[in-house]
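Participant: This is a predicted model, with the sequence first.
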2 protein chains.
Amino acid sequence: MADSQVEGAAGVRVAADALRDSLARGDLAPGQRLVEGDLAEMYGVTRASVRAALIDLTGEGLVERIPNRGARVRVVAVEEAVAITECRMVLEGLCAARAARAATDDEIASLTALGDQLGAAVADGEPLKYSDLNRELHRRIRDIAAQPVANQVLDRLNAQLVRHQFRLALRPGRPQVSLREHLAIIAGIASRDPEAAEAAARAHVASVIEALRQTDTA
Amino acid sequence: MADSQVEGAAGVRVAADALRDSLARGDLAPGQRLVEGDLAEMYGVTRASVRAALIDLTGEGLVERIPNRGARVRVVAVEEAVAITECRMVLEGLCAARAARAATDDEIASLTALGDQLGAAVADGEPLKYSDLNRELHRRIRDIAAQPVANQVLDRLNAQLVRHQFRLALRPGRPQVSLREHLAIIAGIASRDPEAAEAAARAHVASVIEALRQTDTA
DNA sequence: CCAGCAGAGATTGTCGACAATATCGCACAC
DNA sequence: GTGTGCGATATTGTCGACAATCTCTGCTGG
């Protein structure tokens, strides 16, 4: 979505990318005020550029803008994170089903290999590597599904969850549960069974919702 | 999403609302160029306001903006309309399932009454009234589902489909098919059967996809 | 006759300054 | 001591002008 190759300054792009990065990395605390003037000086662009970038990010649901009162980092309550993940559930289900229909032999082989790597990462107790492979798997499935609209919506939704995903990643025992679910999704796609793939994907995200709810009290 | 109560001028709001209206009513042809200066003069606001509004609408997927080359009304090909509707399918399914869980007796009675009205509209051959009731039904279900994220995403997706929905509404024989599907959704919710409601909602939107594909050649 | 190039016009991107609005602290009245 | 109104400050919204970029037209050369 965000074009990458930039040669000229393109103030608004600089500001938007910098902000997006800061948000994705969690450098900015949720609820923190985003003062146009400060950001402009910080990133070396004009206020107009920062302004445009903020409007842009507001559209992506990353920042909240109140008229005449400025912008702040949008804070997503656990409750809303659950709602977002519910939507992810059905959309990832859609992608899994489509992937089961569209996958080539090569792609299935690649997914299966990825599943093996996932298993190895869990066995070796490498949660960080597992997390990376996890993302890779989801991305791969969505690529195979070739559903640009669903992909775009999922990107938007995921971007709003960075903070919660972070908290989720370090829950002990989670990888073991997650692994089984992931393998089920891969199996569904590999056997070209759209309904099984969709059901597995939904079951997986449903378990994420359950875990999310538990972080509420934890 | 768009705040409604406005008293002052608030240039950007004026511009954004005016543009949104024009797009929703189909006054602007798809692909038409949107020149900032012209729009500014047309709506009596400054170019900066128009600019902000255009960035806003770009985020909503209504306008396409190419750096240094300006904005134009986004044209959604039938192919993309199908992709959008696929996403609608699973999201409306989610809402229907949630509605089946959450509906109160009063809400079910209200839905049933709406179903009767729909049947009457078809029997009387009033496609316009049917279309209105149709929208009302979908809105009502989403209200009951109380899933703000899904609602927001659906609003965005629907806004991108105005042109295609228009073409779809006047297909002869469509109301008869559509009515049965709608009644099935209502029945699923009324019997508080989430799976039936979801299946019915998905079947309904799936038939919309089918109809959409046929307009491609028609 | 067609390809390539240069210039003019149009349009977007950027900038700095000004106006409008909200927030906060303080004095004052009760 | 508490609540209310006023003024100072900070921040956003708006404006007009300038710079950068793109598009289109017409000309030149092969």
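Facilitator: Perfect, thanks for sending it. This is a predicted model, so every value here is computed, not measured. Numbering: from 1, shown residues only, chains lettered A, B, ... in the order given.

Participant: Quick check: the gap between A:Thr104 and A:Gln147.
Facilitator: Spatial separation of A:Thr104 from A:Gln147 under the definition Cβ to Cβ, to the nearest Å is 16 Å. Every residue, glycine included, has its C-beta placed from N, CA and C.

Participant: again, but for A:Glu107
Facilitator: When Cβ to Cβ is applied, the distance between A:Glu107 and A:Gln147 equals 15 Å.

Participant: thinking again about what came up before, in terms of neighbours, single out the busier of A:Thr104 and A:Gln147.
Facilitator: The residue with more neighbours, out of A:Thr104 and A:Gln147 and counting by other Cβ atoms under 10 Å in any protein chain shown, is A:Gln147; that gives 24 against 9.

Participant: Could you verify my assumption that the more buried one touches B:Glu86?
Facilitator: Yes. Here A:Gln147 reaches B:Glu86: they are 6.6 Å apart, a contact under Cβ atoms under 8 Å.

Participant: Run the chain-centre distance for stretch A:102-109.
Facilitator: Stretch A:102-109 has its average C-alpha position 24 Å from the chain's average C-alpha position, going by Cα atoms, centre = their mean, to the nearest Å.

Participant: Let me know whether that stretch sits next to chain B.
Facilitator: No. If you take Cβ under 8 Å from any Cβ of the partner chain as the test, stretch A:102-109 misses chain B, and the best it gets is 13.0 Å.

Participant: Residues of chain A that sit close to DNA strand C?
Facilitator: For chain A, the residues found near DNA strand C under the criterion Cβ under 7 Å from any atom of the strand are A:9-13, A:45-49, A:52, A:68-69.

Participant: Turn those into CSV, columns for neighbour count.
Facilitator: CSV is the format used below for those (neighbours: other Cβ atoms under 10 Å in any protein chain shown):
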residue, neighbour count
A:Ala9, 11
A:Ala10, 16
A:Gly11, 19
A:Val12, 20
A:Arg13, 20
A:Val45, 22
A:Thr46, 15
A:Arg47, 16
A:Ala48, 16
A:Ser49, 22
A:Ala52, 22
A:Asn68, 6
A:Arg69, 8
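
Participant: Please list the residues of chain A that sit near chain B.
Facilitator: Counting by Cβ under 8 Å from any Cβ, the residues of chain A close to chain B are A:10, A:13, A:48, A:51-52, A:55-56, A:58-60, A:67, A:80, A:83-84, A:86-87, A:89-91, A:93-94, A:147-150, A:153, A:157.

Participant: tell me the SS of the closest residue to A:Pro30 other than its chain neighbours?
Facilitator: Leaving aside its chain neighbours, A:Pro30 sits nearest to A:Val75 (3.8 Å; criterion: Cβ to Cβ, 6 or more residues apart in numbering or on different chains). The three-state assignment at A:Val75 reads coil, by DSSP: H, G, I helix; E, B strand; the rest coil.

Participant: Tell me how far A:Val177 lies from B:Ala113.
Facilitator: Distance, A:Val177 to B:Ala113, using Cβ to Cβ: 45 Å.

Participant: so A:Val153 makes contact with B:Cys87?
Facilitator: Yes. At 6.2 Å, A:Val153 counts as touching B:Cys87 under the criterion of Cβ under 8 Å.

Participant: how about the residue positioned nearest the centre of chain A, what does it touch?
Facilitator: Taking Cα atoms, centre = their mean, the centroid of chain A lies closest to A:Asn158, which sits 2.9 Å from it. Each residue near A:Asn158 by Cβ atoms under 8 Å, 6 or more residues apart in numbering or on different chains is listed here: A:88, A:165.

Participant: Assign a three-state SS to it, would you?
Facilitator: For A:Asn158, the secondary-structure state derived from three-state DSSP is helix.

Participant: For chain B, see how far away it is.
Facilitator: With distances taken as Cβ to the nearest Cβ, to the nearest Å, A:Asn158 is found 12 Å from chain B.

Participant: for A:Thr46, same thing?
Facilitator: Counting by Cβ to the nearest Cβ, the separation of A:Thr46 from chain B is 13 Å.

Participant: wait, isn't that residue in contact with A:Ala40?
Facilitator: Yes. Taking Cβ under 8 Å as the contact criterion, A:Thr46 and A:Ala40 are neighbours in contact, 5.9 Å apart.

Participant: and stretch A:48-57, what's its mean pLDDT?
Facilitator: What stretch A:48-57 shows for mean pLDDT is 91.

Participant: quick one: that stretch to chain centroid distance?
Facilitator: Chain-centre distance of stretch A:48-57: 22 Å, with Cα atoms, centre = their mean.

Participant: Show me what counts as buried in it.
Facilitator: If you call a residue buried by 16 or more other Cβ atoms under 10 Å in any protein chain shown, then stretch A:48-57 has these buried ones: A:48-57.

Participant: before we move on, what about stretch A:180-199?
Facilitator: Of all the residues in stretch A:180-199, those buried under the rule 16+ other Cβ under 10 Å are A:181-190, A:193-194, A:196-199.

Participant: and of the residues you listed, the nearest to B:Leu23?
Facilitator: Of all the buried residues of stretch A:180-199, B:Leu23 sits closest to A:Glu198, with 33.7 Å by Cβ to Cβ.

Participant: Let me know the secondary structure of the closest one.
Facilitator: In three-state terms, and counting by three-state DSSP, A:Glu198 is helix.

Participant: try A:Glu80
Facilitator: Under the three-state scheme (three-state DSSP), the conformation of A:Glu80 reads as helix.

Participant: Isn't it up against B:Ala150?
Facilitator: No. Under the criterion of Cβ under 8 Å, A:Glu80 makes no contact with B:Ala150, lying 11.7 Å away.

Participant: more neighbours, the two?
Facilitator: More neighbours surround B:Ala150 than the other of A:Glu80 and B:Ala150, with 24 against 16 (other Cβ under 10 Å).

Participant: all helices of chain A, in order?
Facilitator: Here chain A has its helices, by DSSP state H, at A:11-24, A:36-43, A:47-59, A:78-102, A:105-123, A:127-145, A:148-159, A:162-169, A:174-190, A:194-217.

Participant: The first one to helix A:148-159, inter-axis angle?
Facilitator: Angle between the axes of helix A:11-24 and helix A:148-159 is 60 degrees (criterion: axes from the mean of the first three to the mean of the last three Cα atoms, to 10 degrees).
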